[in-house]
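Novice: Only the shape, not the letters, is given here:
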């Protein structure tokens, strides 16, 4: 049996210390996209972060994973679950892709693997995603996956010198099961 975490295009795995340069590149890509602007971090800062992540134990059902392309072995993105509330049955997830690896199906496959795990194995009922309203590519990805817009927080985040809307999207476990196989 193949690993649950290996798809046709990507393998999700823990973050390794040597992954620091990929994550540094992702941060630079996100800045160029006009997402959150943070002060520059040193290469050593990214090395320390990756080393810390490589030995960190998952915080309940909150964790981050590196997305590795099957064909090249390169880290093409990252995905993780955040703010899990097992009692209420919901969690939030996020995904980031390297600039040269977008629109190739990697994110779609990775999100389906993560959702399959959280819905089928961890028994969550709902997944939420928060997307900047100007990020049309991410909004389109969520819609293709089956997420439904649940609301818009107007002028909720501030970056690049002004306030921006944040779109709240959600998917229920039974909606996921109707669109995607619960086992692969």
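Specialist: Yep, that arrived. This structure is a prediction, so every number in the text was calculated from the model and none was measured.
Novice: middle-most residue in the protein, spatially?
Specialist: Averaging the C-alpha coordinates of the chain gives a centre point, and the residue nearest to it by CA atoms, centre = their mean is residue 95 (1.9 Å).
Novice: how near is that residue to residue 122?
Specialist: From residue 95 over to residue 122 the distance is 18 Å, taken as CB to CB, to the nearest Å. Using the backbone N, CA and C atoms, a C-beta is placed for each residue, glycine as well.
Novice: Determine how far stretch 167-183 lies from the middle of the whole chain.
Specialist: Remark: stretch 167-183 is offset 15 Å from the chain centroid, using CA atoms, centre = their mean, to the nearest Å.
Novice: And the average pLDDT for that stretch is what?
Specialist: Confidence over stretch 167-183, taken as the mean pLDDT, stands at 91.
Novice: which other residues reach that stretch?
Specialist: Applying CB atoms under 8 Å, 6 or more residues apart in numbering, the set of residues contacting stretch 167-183 from outside is 112, 115-116, 119-120, 124-133, 139, 142, 145-153.
Novice: buried sites along that stretch?
Specialist: Residues of stretch 167-183 classed as buried under the neighbour-count rule (16 or more other CB atoms under 10 Å) are 167-173, 175-176, 180.
Novice: In JSON lines: those, plus secondary structure and distance to residue 42.
Specialist: Converted to JSON lines, the buried residues of stretch 167-183 look like this (DSSP: H, G, I helix; E, B strand; the rest coil; distance: CB to CB, whole Å):
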{"residue": "167", "secondary structure": "strand", "distance to residue 42": "33"}
{"residue": "168", "secondary structure": "strand", "distance to residue 42": "34"}
{"residue": "169", "secondary structure": "strand", "distance to residue 42": "34"}
{"residue": "170", "secondary structure": "strand", "distance to residue 42": "37"}
{"residue": "171", "secondary structure": "strand", "distance to residue 42": "38"}
{"residue": "172", "secondary structure": "strand", "distance to residue 42": "42"}
{"residue": "173", "secondary structure": "helix", "distance to residue 42": "42"}
{"residue": "175", "secondary structure": "helix", "distance to residue 42": "43"}
{"residue": "176", "secondary structure": "helix", "distance to residue 42": "40"}
{"residue": "180", "secondary structure": "coil", "distance to residue 42": "40"}
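Novice: Cool, thanks, talk later.
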